[in-house]
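Chemist: sequence first, then the predicted structure:
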Amino acid sequence: MTKIDFKLNVFSLSERLYPMVARLLGDSNTEDAIQEIMIKLWQKRKKLENHPNINGFVILTARNYCIDLLRKKALVLEDSSSELKVLKSTINAEDIEWKELNNIIFKILEQLPQQQKEVFLMRDVDGYEFTEIAAALSIKIEHVRVLLSRARKQIGVALEKKYDYERGTY
């Protein structure tokens, strides 16, 4: 793989990695981590040349790098609560409602099985395609769809239960 091919096919994906890496490592380490990931991918460029799913391989490499880094530092994975919060300079009723909803969703996410939570975050927060998620988690696309469907259903049921309870109808 030439320098130009690498830049077009791999390095161009670095912006798509940013949300996932930021969620896993925290915003302060994200740019350094992406730089290290790109170095690792450059070293593996011969493997990438004939790989059938370059996007999936790049996401898998990034995810594994973040997990390895977290294991070395013995840290807990940072949740994407920062991704779910609505931040505005002025506080009004709508802001309070959004913050409350985000807190409720954050609590629901904590109760989901790890794979469901990860698939939900990668698809609905980070915006990855099903093929990329499947490659990153080493599972079939159909399984990704099932996990996402179950996660969304559980979140929906939990939200409905919460709001029905607050209205006094549950």
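Modeler: Done, it's in. Numbering: from 1, shown residues only.
Chemist: from here on, just use CA atoms for contacts and neighbour counts.
Modeler: Fine.
Chemist: what about Tyr128, which SS state?
Modeler: Under DSSP: H, G, I helix; E, B strand; the rest coil, Tyr128 falls in the coil class.
Chemist: give me the distance between it and Asn9.
Modeler: 16 Å (Cα to Cα, to the nearest Å).
Chemist: pick out whichever of these two has more residues nearby.
Modeler: Tyr128 (22 against 15; other Cα atoms under 10 Å).
Chemist: so how far is Thr61 from that one?
Modeler: Look at Tyr128 and Thr61: by Cα to Cα, they are 15 Å apart.
Chemist: looking at this protein, which helix is longest?
Modeler: helix 141-167 (DSSP state H).
Chemist: which elements pack onto it?
Modeler: Here helix 141-167 touches helix 93-111, helix 114-120, helix 130-137, going by 3 or more Cα pairs under 8 Å, 6 or more residues apart in numbering; DSSP states H and E.
Chemist: what are the buried residues along stretch 15-32?
Modeler: Under the neighbour-count criterion of 16 or more other Cα atoms under 10 Å, stretch 15-32 has 17-26, 30 buried.
Chemist: looking at these, spot the one nearest Ile155.
Modeler: Relative to Ile155, the closest of the buried residues of stretch 15-32 is Arg23; by Cα to Cα it sits at 19.7 Å.
Chemist: by mean pLDDT, point me to the weakest helix or strand of the protein.
Modeler: Here the helix or strand of the chain ranked lowest by mean pLDDT, DSSP states H and E is helix 81-84, holding a mean of 52.
Chemist: skipping adjacent residues, who's closest to the residue most central in space within the chain in space?
Modeler: Geometric centre of the chain, nearest residue: Met122, 3.3 Å, by Cα atoms, centre = their mean. Using Cα to Cα, 6 or more residues apart in numbering and skipping residues adjacent in sequence, the residue nearest Met122 is Tyr128, 5.8 Å away.
Chemist: what's the answer for Asn29, then?
Modeler: Sequence neighbours aside, Ala22 is the residue nearest to Asn29 in space, at 7.5 Å (criterion: Cα to Cα, 6+ apart).
Chemist: and the one you found, what is it in contact with?
Modeler: 28-30 (Cα atoms under 8 Å, 6 or more residues apart in numbering).
Chemist: tell me which of the residues you listed is nearest to Glu97?
Modeler: Ser28 (28.4 Å).
Chemist: quick check, pLDDT for the closest one.
Modeler: For Ser28, the pLDDT comes out at 74.
Chemist: which ones are touching it?
Modeler: Contacts for Ser28 (Cα under 8 Å, 6+ apart) come out as Ala22.
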